[in-house]
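S.K.: Sequence and predicted model, in that order:
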Amino acid sequence: MTDYYEVLGVSRDASTDEIKRAYRKLARQHHPDIAGEAGAERFKEVTAAHEVLSDPDKRAMYDAGGGPGGAGAGAFGFSDIFETFFGAAAGGSARGPVPRARRGQDALVRLDLELAEEAFGARKEITVETAVVCGTCHGSCARPGTSPRPCQVCGGRGSVQRVARSFLGNVMTQARCDACQGFGSTIPEPCPECSGEGRVRTRRTITVDVPAGVENGTRIKLVGHGEVGPGGGPAGDLYVEIREHPHPVFTRRGDDLHCTTSLPMTAAALGTVVSLDTLDGEQEVDIAPGTQGDHVITLRGKGMGRLRGHGRGDLHVHLDVQVPTRLDERQEELLRELAALRGEEQPQARLAPVGAGMFSRLRDKLAGRS
């Protein structure tokens, strides 16, 4: 009989809180979502131990039934009583053999993309190392020309019956057949290519259609492109995670793009036409006379494609007006003449809250100031 105290790693006089703490630690460690198939059996064992030892009545019955550390290694306890009335223990089967073919694991790969590929979508090829159906035995696990045979120990049932001694007397129980591991069949001559696994590992190339609008961290699910399961079982899914290369100019915010372009002070004051390099190629943009340094030009539909919608986001171009820091004599003379003409030789400083520049300019325009 399994020693549940040993399974949880606690003493036989452990408190309920100690048992719960030990269970939580082991359950997190061996949960199938974390440890995969390798941890499934251990997780079931830990869970069964917790169910018994955390319940005072079940624990008392278990202790009375003996087992390792109790009345003797051949004694009969609560877990055996449970499987007697409700079916075989974890790993066995009272309802037939366990299928040899099982679903394969999901897989995750990362795909590096440029910003333009994310904006417009792309077709990419990726190479993955994964498990595929064995080409020699085609998933049967047996050498070609041979086949699995019914287990001679359990007669193909996958489980065996045994008589266990308990304080209630002799009780008939069921357990997984160790000869066939619960499959109900054995493979006398395993396939030499896959060693009886029904699958082999190989590298293969897969084409991925990347939709427009994906972003860093987006996962594309390719159904049935994961690993083939043991025994040639159905394949899991493949998840392709997008990893975005930083763009030297554009910054992405959702479906919109942002960038900055510099303008000389004279061009901002007089107005001009500038050529901007967008994801769609060069585009000329008119700069109106008197454009301010915090002005933003919005180019509609020049941003990113929308992953869950139609059309594209916008491109926002932030203007940075450059004020000259060095002037020769003639340039300084001309600027002083301009300042005199505008009456700005000694401008009056006006205090305003941070960010209020736009509103003050609007107020000046309404007042007829230039």
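M.R.: Sure, I can see it. Numbers count the residues shown, from 1 in each chain.
S.K.: Just the buried residues of stretch 99-110, please?
M.R.: For stretch 99-110, the neighbour count (16 or more other CB atoms under 10 Å) marks Arg100, Ala101, Arg103, Gly104, Gln105, Ala107, Val109 as buried. Using the backbone N, CA and C atoms, a C-beta is placed for each residue, glycine as well.
S.K.: measure that stretch end to end?
M.R.: End-to-end distance for stretch 99-110, by CA to CA, to the nearest Å: 33 Å.
S.K.: sorry, back to before: which members of the buried residues of stretch 99-110 occur in strands, if any?
M.R.: When these are checked against strands (DSSP state E), the matches are Ala107, Val109.
S.K.: Serialize the buried residues of stretch 99-110 to a markdown table and add fields for pLDDT and distance to Thr251.
M.R.: A markdown table is the format used below for the buried residues of stretch 99-110 (pLDDT from 0 to 100; distance: CB to CB, whole Å):
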| residue | pLDDT | distance to Thr251 |
| --- | --- | --- |
| Arg100 | 89 | 54 |
| Ala101 | 91 | 50 |
| Arg103 | 93 | 42 |
| Gly104 | 92 | 40 |
| Gln105 | 91 | 37 |
| Ala107 | 93 | 32 |
| Val109 | 94 | 27 |
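S.K.: For the buried residues of stretch 99-110, could you give me a markdown table that also reports distance to Asp13?
M.R.: Shown next, in a markdown table, are those (distance: CB to CB, whole Å):
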| residue | distance to Asp13 |
| --- | --- |
| Arg100 | 44 |
| Ala101 | 46 |
| Arg103 | 43 |
| Gly104 | 45 |
| Gln105 | 41 |
| Ala107 | 46 |
| Val109 | 51 |
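S.K.: which one of the buried residues of stretch 99-110 sits closest to Pro188?
M.R.: Pro188 has its nearest neighbour among the buried residues of stretch 99-110 in Arg100, at 14.4 Å by CB to CB.
S.K.: nearest spatial neighbour of that closest one, skipping sequence neighbours?
M.R.: Gly231 (3.9 Å; CB to CB, 6 or more residues apart in numbering).
S.K.: Residues in contact with stretch 316-332: which ones?
M.R.: 256-265, 268, 276, 285, 287, 291-299, 335 (CB atoms under 8 Å, 6 or more residues apart in numbering).
S.K.: Revised request: answer the last question for stretch 178-187.
M.R.: Contacts to stretch 178-187, defined as CB under 8 Å, 6+ apart, come from residues 91-93, 96-100, 141-142, 148-154, 156-159, 176-177, 196.
S.K.: Helices of the stretch 151-300 of the chain, start to end?
M.R.: Along the stretch 151-300 of the chain, counting by DSSP state H, counting those that start in this stretch, helices occupy 265-270.
S.K.: re the thing from before, in this structure the residue nearest to Arg100 contacts Gly198, no?
M.R.: Yes: using CB atoms under 8 Å, Gly231 is in contact with Gly198, at 4.4 Å.
S.K.: Would you mind telling me which of those two has more residues around it?
M.R.: Neighbours were counted for Gly231 and for Gly198 using other CB atoms under 10 Å; Gly198 has more, 27 against 19.
S.K.: that older thread, buried members of the contacts of stretch 178-187 into ChimeraX, please.
M.R.: The buried subset of those, as determined by 16+ other CB under 10 Å, is captured in ChimeraX by this line:
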select :92,93,97,98,100,141,142,148,151,154,156,157,158,159,176,177,196
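S.K.: Under a three-state scheme, what state does Thr130 occupy?
M.R.: strand (DSSP: H, G, I helix; E, B strand; the rest coil).
S.K.: What of Ala49?
M.R.: Classified using three-state DSSP, Ala49 is helix.
S.K.: and it, what does it touch?
M.R.: So Ala49 contacts Thr2, Tyr4, Tyr5, Val7, Leu8, Tyr23 (CB under 8 Å, 6+ apart).
S.K.: Out of those, give me the one that has the most neighbours.
M.R.: Tyr4 (28 neighbours).
S.K.: quick one, what contacts it?
M.R.: Tyr4 sits next to Ala48, Ala49, Val52, Leu53, Tyr62, Ser79 when contact means CB under 8 Å, 6+ apart.
S.K.: at 6 Å instead, please
M.R.: Applying CB atoms under 6 Å, 6 or more residues apart in numbering to Tyr4 gives the contacts Ala49, Val52, Leu53.
S.K.: same check, this time on Val214
M.R.: Shown in contact with Val214 (CB under 6 Å, 6+ apart): Glu118, Ile242.
S.K.: Could you give the backbone dihedrals for it?
M.R.: phi -60, psi 160 (degrees, to the nearest 10).
S.K.: Let's see the pLDDT reported for it.
M.R.: The score at Val214 is 95. That number is its pLDDT.
S.K.: buried stuff in stretch 18-35?
M.R.: Buried residues in stretch 18-35, defined by neighbour count with 16+ other CB under 10 Å: Ile19, Ala22, Tyr23, Leu26, Ala27, His30, His31.
S.K.: Stretch 235-246 now?
M.R.: Neighbour-count burial for stretch 235-246 flags Ala235, Gly236, Asp237, Leu238, Tyr239, Val240, Ile242, Glu244 (criterion: 16+ other CB under 10 Å).
S.K.: just stretch 304-316 next, same as before
M.R.: In terms of neighbour count (16+ other CB under 10 Å), stretch 304-316 has its buried residues at Met304, Gly305, Arg312, Gly313, Asp314, Leu315, His316.
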